[in-house]
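# Structure for the following, please:
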Amino acid sequence: MRKNWILCFVLASAGVCCASVFGGIRGLVHDAQHRPIAGAQVVVHAVNSDFRKTAVTNDLGEFRFEALPAGAYEVEVSAPLFAIARQVVPVASGNVLEIHFPLSLASVQQSVEVRAEPESVGTTTSTTSLVSREEIAQTPGADRTNSLAMITDYTPSAVVVHDQLHLRGGHQVTWLLDGVPVPNTNIASNVGPQFDPKDIDYMEVQRGGLSAEYGDRAYGVLNVVPRSGFERDRQAELIASYGSFNQTNNQFNFGSHNEQFAYYGSVAGNRTDLGLQAPNPQVLHDLGSGLSAFTSLIYNKTPHDQLRSVVSVRGDHYQVPNDSDAQVAGIRDVDNERDVFGNFSWVHTSPSGLMLTVSPFFHFNSAHYQGSLDDHRGSNFAGGVASLGVAHGAHNLRVGVEGFTQHESRSLSLTTVAPLSESQRSWGSLSALFAEDQFKAASWLTFNAGVRLTHFSGGLNETVADPRIGAAVQVPRLHWNLRAFYGRYYQAPPLFSVGGPVLALAASQGFGFLPLKGERDEQHEFGLTIPVRGWTLDFANFKTAARNYFDHDVLGNSNVFFPLTIDRARVHGYEATVRSPQLFQRASFHLAFSRQWVEGLGAITGGLTDFSPPQNDWFFLDHDQRDTLSLGGNVRLPLRAWISANLNYGSGFLDGNGPFHLPPHTTFDLAAGKSFGESWTVHASALNLNNNHYLLDNSNTFGGTHFVNPREVVVELRYRFKY
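Residues are numbered from 1 along each chain as shown. Model (predicted):
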């Protein structure tokens, strides 16, 4: 088995993959008569940092930029005798954006800049949202260490329930850090946050129409673009905060850059008396605390070779919240979690448009629940991804391979019954090969076609081939983007089993255990994107059909879950998002709405459970909430001040076993900040300002009982200084 582990790592690191944090821009510069302009200088500059690249147009007026991290960029074009043109564009990972720059002649007196509008915007079949560092800092509560508001406030159907992020009806999402996957087959076994939002430059959320290069979880891809140091010049920042329930979210970060090298690092600590969602309105035994360190390094060895490295280390401690009966009984369960992730990437580009990325990685993840049950799990993942991309003519071709091996150790015992304990060590591996082409048949028509081949070896062996196809049409003049997608996905199962005396006791209590199989999903999606004078309106209709749908059974209200699979499930819904431009150069606005249904059918096909679903009939799952709405905005005030607000509405999750649902609920968040000089910033936020302390979920099947957090008020102070 160890030989297989080493072989898998070597093949994955050396192969030609998976997801990338990079996108590209290519374009055409021409005059008013559509004649190409050769020798024009094109500069692309990151909006949030000093990262920039330059190019010169060829005889056909063409330019191109490869290996641009996902984010917002300003493109500036200048040529002798012509007025300067500028345009701000978003770059999405895995896509090449096409832009036309029509330049007008500059008069002798003319010194103003002309802002070009795109004649052709690259069409895409994916459904993506992008949240910037500035938005994270100013969205109420989004920059707290354990917050996912940067996702839930901007993404339809994204909610946090029983301390887990749910997206499009499931919690099986793929996390990427700097475009490199963070493998974790342990479904919903951790409640600790993946990354500190204060270390993020951009958060890219893809929730539909995923290309073949993206992993095996159909519910969403969360691509973290970390801060790089290009936004710093030997500058450090100290962040200190204090708020309700004695909460603190403190951090020290620093970074700098020159033309070849950029670095960013941080250390952080947080604590609170309201760590996890409580099972009743009164918060009892709920302390949470954590420590973390993070670093990002970028070295441009040559104009065509870049080395990147990211390392994240964190540890979290949680008291498991009690209800009043458990508190009186003296129950004092705790959960300790550890997470270490590191990757190294070599990115090579060529003038012909080829880009090669090789990224070995390592991930360690553990959770240790101590109390009436002692459950200690530690998982090691080692492997790598490598990809080869070629953008040539009408084609944007990507091929690659991903592979990792997993070693898991687990001990499980009932502390109230000393002899009932067991331990196990498990090995597993996953390898995947993908190929995909984004073919631009015309300026208004794009096709995507790809396939992903996956082999999993663990408690069982499974091999699947998943096709993914899509098309996007841009309506001339209106620039409306119509898209359609069909794809299949496979998700590998956890290396989890129960045996011996623990299984015997479980059986005596009505529980049973069946081996876990991989989930297989089929997704259909249709969408429409409408740009209107800087506004972006996006609509989507999707349906996901699953076999061996992954869910979990909960230990009381502890947020300690045992994985299980349901024979069949279906998720279907409608989504809408609205993003505004800067209104009156001061205000911006965003909206995310979703209406969806999450249903299951058939028996439990794997895992440990005592639940028997209805026979021969669809039933609502605990993830079902029909309507979710997030509405927010930000206003820049005089004297370097700002204020932002966000309203969140939910129609209510399933009430017990259903079919009825809990009452609808609304919360309102508010934040304000002001800068003093170049060094000091004060920031205050109030979450659930209306203090609507409602019952969030009480599922008797898989979820447990949890109330939403009461009102929280936090004041934050930031101090920046040179070193």
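# From here on, just use CA atoms for contacts and neighbour counts.
OK.
# contacting residues for Asn698?
654-656, 704-706 (CA atoms under 8 Å, 6 or more residues apart in numbering).
# Least confident of these?
Ranked by pLDDT, these bottom out at Gly704, which has 74.
# hey, what's that residue bridged with?
In this entry, Gly704 is beta-bridged to Ser699, by DSSP bridges.
# and the residue nearest to Ala684 when sequence neighbours are not counted, how many neighbours does it have?
Among residues not flanking Ala684 along the chain, Val715 sits closest, at 4.3 Å (CA to CA, 6 or more residues apart in numbering). Per other CA atoms under 10 Å, the neighbour tally for Val715 reads 18.
# all numbers from here: first residue = 6
Sure, I'll start numbering at 6, so the last one becomes Val720.
# buried stuff in the helix or strand where Val720 lies?
For Val720, the element it lies in under DSSP states H and E is strand 717-727. Using 16 or more other CA atoms under 10 Å as the burial criterion, the residues of strand 717-727 that qualify are 717-725.
# Now for Arg222: which residues touch it?
Shown in contact with Arg222 (CA under 8 Å, 6+ apart): 177-179, 494-496.
# tell me the least confident of those?
Gln177 (82).
# Can you list the low-confidence ranges for the stretch 56-205 of the chain?
Along the stretch 56-205 of the chain, the parts satisfying pLDDT under 70 run over 112-129, 193, 197.
# what about Leu435, helix or strand, and which?
For Leu435, the host element (DSSP H and E) is strand 426-447.
# can you give me the helices in this protein?
Counting by DSSP state H, the chain has helices at residues 7-19, 138-143, 154-157, 329-333, 505-513.
# Worst mean pLDDT among those?
helix 7-19 (a mean of 36).
# so what's the closest residue to Ala574 other than its chain neighbours up against?
Ranked by CA to CA, 6+ apart and with sequence neighbours excluded, the top spatial neighbour of Ala574 is Gly605, at 4.1 Å. Residues near Gly605 by CA under 8 Å, 6+ apart: 571-575, 623-626.
# mind checking pLDDT for Gly605?
Note for Gly605: predicted pLDDT of 91.
# Equivalent analysis for His698, please.
88.
# okay but it is in contact with Asn285, surely?
No: counting by CA atoms under 8 Å, His698 does not reach Asn285; the two are 9.7 Å apart.
# tell me, what's touching these two both at once?
Jointly contacting His698 and Asn285 under the rule CA under 8 Å, 6+ apart are Phe712.
# which residues sit in contact with the residue nearest the centre of the chain?
Nearest residue to the geometric centre of the chain (CA atoms, centre = their mean): Leu227, 1.7 Å. By CA under 8 Å, 6+ apart, the contact set of Leu227 is 178-181, 208-211.
# Let's see that with 6 Å instead.
Applying CA atoms under 6 Å, 6 or more residues apart in numbering to Leu227 gives the contacts 180, 209-210.
# Scan the residues you listed and report the most crowded one.
Glu209 (23 neighbours).
# Roughly how far does Thr300 sit from Pro188?
Distance, Thr300 to Pro188, by CA to CA, to the nearest Å: 19 Å.
# And Asn53, by the same measure?
From Asn53 across to Pro188, the span is 29 Å (CA to CA).
# Please say which of the two ends up with more neighbours.
Using other CA under 10 Å as the criterion, Asn53 and Pro188 rank with Pro188 on top: 24 against 17.
# mind listing what the more buried one touches?
By CA under 6 Å, 6+ apart, the contact list for Pro188 is empty.
# For His688, which non-adjacent residue is closest in space?
Gly678 (4.2 Å).
# And Leu243, by the same measure?
Phe257 (4.7 Å).
# can you pull the contacts of the one you found?
242-243, 271-272 are the contacts of Phe257 under CA under 6 Å, 6+ apart.
# 10 Å instead, please
241-245, 270-274, 298, 723-725 (CA atoms under 10 Å, 6 or more residues apart in numbering).
# show me what contacts His529?
213-214, 475, 489-493, 546-550, 577.
# ok, and the closest non-adjacent residue to Val196?
Asp168 (6.0 Å).
# ugh, wrong one, Tyr78
In this structure, Tyr78 finds its nearest non-sequential neighbour in Ala51, 4.4 Å apart by CA to CA, 6+ apart.
# same check, this time on Phe658
Per CA to CA, 6+ apart, closest to Phe658 is Gln630, 4.6 Å.
# Is Trp449 in contact with Ala399, as I believe?
No: at 11.9 Å, Trp449 does not count as touching Ala399 under the criterion of CA atoms under 10 Å.
# With neighbour numbers in mind, choose between these two.
Using other CA under 10 Å, the more surrounded residue of Trp449 and Ala399 is Trp449, with 18 against 14.
# For the more buried one, give its distance to Ser131.
Taking CA to CA, one finds Trp449 at 16 Å from Ser131.
# I'd say Ala689 and Ala245 touch.
No: counting by CA under 10 Å, Ala689 sits too far from Ala245 to count as a contact (11.8 Å).
# List the contacts of the residue nearest to Ala689.
245-249, 253, 676-678, 687-691.
# Show me what Gln240 is bridged to.
Counting by DSSP bridges, Gln240 forms beta bridges with Gly260, Lys727.
# burial of it, as a residue count?
17.
# Sweet, I'm off.
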